[in-house]
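In: What would the 3D arrangement of this be:
(chains A and B)
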Number of protein chains: 2
Amino acid sequence: MLQTVIEDLLARQPAIRARLDDFLRLPSVGGDPAFADGMQATRRFLLDWLRDTGLRDAQLLDGGGQPAVYASWTGAPGRPTVLIYGHYDVQPAAPLDHWRTPPFEPTEIDGRLYARGASDVKGSTTIALEVIAAFLRAGGCPVNVKLFLEGEEETGSPSLRRIVEQHRDLLAADAMISADGGRASQTRATVNVGARGSTAFEIALRTASKEVHSGRYGGTIRNALHEMSVLVASLHGRDGRIAVPGFLDDVPELTPQQRAETAAFAPDEDAFIAEIGACAFGEPGYTLRERVTLRPAIDVNGLWGGYTGVGGKTVIAAEAFAKLSIRLVPGQDPLRARDAVAAHLRALCPPGSELVFQFGRDGSPASSLPSDHPLLRAGMAVWRQLSGQEPIPVRLGATVPITAIFKEMLGIDTLMFGFNLPDEDVHAPNEFFHLDSLPLGLRGWSMLLAELGAMPSAAFDRVR
Amino acid sequence: MLQTVIEDLLARQPAIRARLDDFLRLPSVGGDPAFADGMQATRRFLLDWLRDTGLRDAQLLDGGGQPAVYASWTGAPGRPTVLIYGHYDVQPAAPLDHWRTPPFEPTEIDGRLYARGASDVKGSTTIALEVIAAFLRAGGCPVNVKLFLEGEEETGSPSLRRIVEQHRDLLAADAMISADGGRASQTRATVNVGARGSTAFEIALRTASKEVHSGRYGGTIRNALHEMSVLVASLHGRDGRIAVPGFLDDVPELTPQQRAETAAFAPDEDAFIAEIGACAFGEPGYTLRERVTLRPAIDVNGLWGGYTGVGGKTVIAAEAFAKLSIRLVPGQDPLRARDAVAAHLRALCPPGSELVFQFGRDGSPASSLPSDHPLLRAGMAVWRQLSGQEPIPVRLGATVPITAIFKEMLGIDTLMFGFNLPDEDVHAPNEFFHLDSLPLGLRGWSMLLAELGAMPSAAFDRVR
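Out: The predicted structure is shown next:
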């Protein structure tokens, strides 16, 4: 049956591509209230699609924020029940003037499909849905599937815990496969075995009750922009090492095995940096691949204050703002890491100033898939067949917070099995999806469900 | 005649106030092209007003930017010819949501007239025009007057030099009185004897060819916002001293006389800082008054980059921007000071990054009025009568670039004789003008023109 399903999928590629285009045209920016209509339209689109495929019980799971879209098929008794994860929300398209094509009008150029969300993660989500649909058309899935499409991945999943809490029975499963968390290379087969965690917050620094004239006060009062710059500059030493006291205490030294595994998939560092025209940076004593997967990072994602309009305005800023995010590695607790940064920043603020933190969400710890896990064995087997190579276990530098949440709340592990690639300008202007990932992904997901379907549900008892 | 003129002016205050309100309603934001109509309407308003007063030769002086408005009256042969300076442009009103009343709808509350430009400098400009008009109504001015109302003061006077160059004969005068450059105190009589200079520029730092995902790259590439923060933080030591190599070399140590003069008008430092809820800061070894008048200052007026919209976006910024301004003291050359800061910033940029300077204009050196100057003697005499106090010579922390330009190009000195006060939120939201400055200013300007008219034109020969 697997071969029939794969042939059916490859033959139907034009229709699959047309549906992906429709999906991408829906502007599902979950973090911006101006896109509420787009979010709602996307949910309607998905519910219709899931019902068409033969999935049952299609519904919205409401946790008070953007609801998740759910559907299931449980016609494979004794076989594993697999939660299949994707998300339908996308990052904001800003800055709009940096896009060469309209962000919500998918445009194919030289084998790339440009659109916001094409890579992250409507492309891979479409692959998962189409593979399930093809199995159902052929008579049934090799595994029981519970489809869970989140609407808040790009905004930190604020209501995901509530949704899972309220639907524990509905979501009960043996394991999860995620369409998010993509491939590490176009030429080298890899399997994701973990991801960095993350936590993010905003700070507002106030040094005066109002903005004043820099002639009248220059040299006598603190400028919020100077002080904010001191705060941001203090996060790293000039050598690239994080300089927040205590922050690195919970970060374990790399083991020889970790060093060897990261070395097995080490990019050409110069080429990696040159590809985005960037300036190399980072902690001494670690390779680039080690830094991006097994060492934490602190980045300021946005910074603003004072007069930023046309021309000049000679004012001393009273307020300065910054958005910060932290990438976490195994061993770090999001709240502890955040508190270390917050305490460091507070200690540097001048007397009389006011530093306000807007924490919002707790963040997610890093995740890891044990080396003997059935999900990992299945993923490795698929990639061996797809590529003819021995796949390399790799960790992601990015964060898939849901893996930690589902592990904690439902006790299940996640295999990240997205087909998106690292050069696809995720979260940036001109995001795209390599279109040759579409047939590869359709084959890969078909094979993965077949591999898992060959195991009894009990194979997951030990790891749950 | 002086007494008649003053009585006439005080009696006509309601009409004067109505005209000031009309002036303030015109949104003359010279630095923003969106306000081109407002600028043009303001020039028409001023030309009509000047013609009404009996001034002759009313015209626009075009230097390629915002034209200046000019008119003259030369009916006092043998008496000094005085160039009277004001400006009709105003700072942008942003941030609009911080205004308690509409910025271009003058609103009187508790003796204060709130509007953008009320203090800087339509209030004092109105006083000057009304005094000239009153003298002309009474038969003639004590001095020859050439009125020069600039349209580019708030944008750094980019075409002022060209205007003066092209109209040297029209503008020839013995001295200048400026309606800009206000009072230092509401309770203590002072006379301005100088101002700090200034120069400003914008910098753009690029560390990568594009914005990228902070999960994929965090810990491996430089973040433009971090590097910009390092640049800004490097401008000062933690002790508040400017840390730019070479910058302070041209700054002379304060003389005992300067120390004594600044001490004579020393504000309560704690109260000065507390009034704007600020955090004290600055070079050790100098009083606040010394720092703000006789020591230079560097301020970042605006700073921005990365994602600054609603919610979070975990990107590493590829570009960061800052607007910088420098306040200069006597002895400093604007270009040399600017170059020292630029060289310092360039030296700190990481390899592979690109720092682009947008210089725009050359800036203005600090200005000083010698202690035996006839303008200063006249100003002191007026304030003695107005206040019953011995006026204190004081320097301004702010910049009136025109004084340096007119000194260099026309060889004349300037008495700053504005009636605005330092608490009036100049360049900030809720700018206002103390309305009791109106009758005081009308008396003061009448007396000043009479004092100067009592001198022969030759009194200025030595100082020109």
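
In: Show me the helices in the stretch 101-250 of chain A, by range?
Out: A:123-137, A:160-166, A:168-171, A:214-217, A:224-233 (DSSP state H, counting those that start in this stretch).

In: Compare those helices and say which comes out lowest on pLDDT.
Out: Comparing mean pLDDT across these, the weakest is helix A:214-217, with a mean of 91.

In: From chain B, how far off is residue A:15?
Out: According to Cβ to the nearest Cβ, to the nearest Å, residue A:15 stands 31 Å off from chain B. Any C-beta I mention is one placed from the backbone N, CA and C, and that applies to glycine too.

In: For chain A, name the helix or strand with the lowest mean pLDDT.
Out: Every helix and strand of chain A was ranked by mean pLDDT, DSSP states H and E. The lowest is helix A:401-410, at a mean of 86.

In: how much distance is there from it to the middle of the chain?
Out: The chain centre lies 14 Å from the centre of helix A:401-410; the measure is Cα atoms, centre = their mean, to the nearest Å.

In: tell me which element whichever residue of the stretch 351-464 of chain A sits closest to chain B is part of?
Out: With Cβ to the nearest Cβ as the measure, residue A:398 is the residue of the stretch 351-464 of chain A nearest to chain B, at 2.7 Å. Remark: residue A:398 resides in no helix or strand, with elements defined by DSSP states H and E.

In: And it, its phi and psi?
Out: phi -80, psi 180 (degrees, to the nearest 10).

In: That one: neighbour count?
Out: 25 (other Cβ atoms under 10 Å in any protein chain shown).

In: That one against residue A:184, yeah?
Out: No: using Cβ atoms under 8 Å, residue A:398 is not in contact with residue A:184; the gap is 10.8 Å.

In: which bits of the stretch 351-464 of chain A sit near chain B?
Out: A:351-353, A:360, A:396-399, A:422, A:425-429 (Cβ under 8 Å from any Cβ of the partner chain).

In: follow-up on the earlier one: just the buried positions in the least confident helix or strand of chain A, please.
Out: A:401-407, A:410 (16 or more other Cβ atoms under 10 Å in any protein chain shown).

In: distance of the nearest residue to residue A:243 once chain neighbours are set aside from chain B?
Out: Spatial nearest neighbour of residue A:243, chain neighbours left out: residue A:237 (4.6 Å); criterion: Cβ to Cβ, 6 or more residues apart in numbering or on different chains. Residue A:237 sits 11 Å away from chain B, going by Cβ to the nearest Cβ.

In: Quick check: the closest residue to residue A:399 other than its chain neighbours vs residue A:359, distance?
Out: Among residues not flanking residue A:399 along the chain, residue A:198 sits closest, at 3.9 Å (Cβ to Cβ, 6+ apart). Distance of residue A:198 to residue A:359, given as Cβ to Cβ, to the nearest Å: 13 Å.

In: Neighbour count: these two, which is higher?
Out: Neighbours per residue, other Cβ under 10 Å: of residue A:198 and residue A:359, the larger number sits with residue A:198, 28 against 15.

In: List the residues that contact the more buried one.
Out: A:325-328, A:334, A:363-364, A:399, A:401, B:215, B:314 (Cβ atoms under 8 Å, 6 or more residues apart in numbering or on different chains).

In: please redo it, this time with the cut-off set to 7 Å
Out: Contact analysis of residue A:198 by Cβ atoms under 7 Å, 6 or more residues apart in numbering or on different chains lists A:325-328, A:363-364, A:399, B:215.

In: Among those residues, which ones are in strands?
Out: A:325-328 (DSSP state E).

In: can you narrow those to ones near chain B?
Out: Among these, the residues lying close to chain B (Cβ under 7 Å from any Cβ of the partner chain) are A:325, A:327.

In: between the ones in strands among the contacts of residue A:198, which is nearest residue B:389?
Out: Ranked by distance to residue B:389 (Cβ to Cβ), the ones in strands among the contacts of residue A:198 are led by residue A:325 at 58.7 Å.

In: The residue nearest to that closest one when sequence neighbours are not counted and residue B:308, how far apart?
Out: In space, and not counting its chain neighbours, residue A:325 is closest to residue A:200: 4.0 Å by Cβ to Cβ, 6+ apart. For residue A:200, the distance to residue B:308 (Cβ to Cβ) stands at 14 Å.

In: higher neighbour count, those two?
Out: Neighbours were counted for residue A:200 and for residue B:308 using other Cβ under 10 Å; residue A:200 has more, 24 against 17.

In: wait, the more buried one sits on residue B:312?
Out: Yes: under the criterion of Cβ atoms under 7 Å, residue A:200 makes contact with residue B:312 at 5.1 Å.

In: Need the overlap of contacts for those two.
Out: With Cβ under 7 Å, 6+ apart, residue A:200 and residue B:312 have common neighbours A:156, A:323.

In: Please identify which helix or strand holds residue A:292.
Out: Per DSSP H and E: helix A:288-294 holds residue A:292.

In: on that earlier part again, per-residue confidence at the residue nearest to residue A:325?
Out: At residue A:200, pLDDT is 94.

In: Tell me who's in contact with it.
Out: Counting by Cβ under 7 Å, 6+ apart, residue A:200 has contacts A:156, A:323-325, A:363, B:312, B:314.

In: Over to residue A:142?
Out: Residue A:142 touches A:76, A:79, A:135, A:449-450, A:452-453, counting by Cβ under 7 Å, 6+ apart.

In: Neighbour count says what about those? Which are buried?
Out: A:76, A:79, A:135, A:449-450, A:452-453.

In: So which of those belong to helices?
Out: Secondary structure defined by DSSP state H assigns A:135, A:449-450, A:452-453 of the buried ones among the contacts of residue A:142 to helices.

In: and residue A:417, how far is that from residue A:452?
Out: Here the criterion is Cβ to Cβ. By it, residue A:417 lies 11 Å from residue A:452.

In: now residue A:101
Out: From residue A:101 to residue A:452 the distance is 38 Å (Cβ to Cβ).

In: what's the answer for residue A:348, then?
Out: Using Cβ to Cβ, we find residue A:348 at a distance of 51 Å from residue A:452.

In: before we move on, what about residue A:289?
Out: Residue A:289 is 29 Å from residue A:452, by Cβ to Cβ.

In: same deal with residue A:342?
Out: 43 Å.

In: Residue A:247 too?
Out: Counting by Cβ to Cβ, the gap from residue A:247 to residue A:452 is 39 Å.

In: Repeat that for residue A:317.
Out: Using Cβ to Cβ, residue A:317 is found at 56 Å from residue A:452.

In: cool, and residue A:349?
Out: 53 Å.

In: do residue A:16 as well
Out: 22 Å.

In: Please apply the same query to residue A:162.
Out: 29 Å.

In: Ok, residue A:48 next?
Out: Distance of residue A:48 to residue A:452, given as Cβ to Cβ: 27 Å.

In: Neighbours of residue A:386, how many?
Out: 16.

In: Please identify the buried residues of the helix or strand it falls within?
Out: Using DSSP H and E, the element containing residue A:386 is helix A:374-387. For helix A:374-387, burial by neighbour count (16+ other Cβ under 10 Å) applies to A:374-383, A:386.

In: Kindly report the same for stretch A:179-189.
Out: Using 16+ other Cβ under 10 Å as the test for burial, stretch A:179-189 gives A:179-184, A:189.
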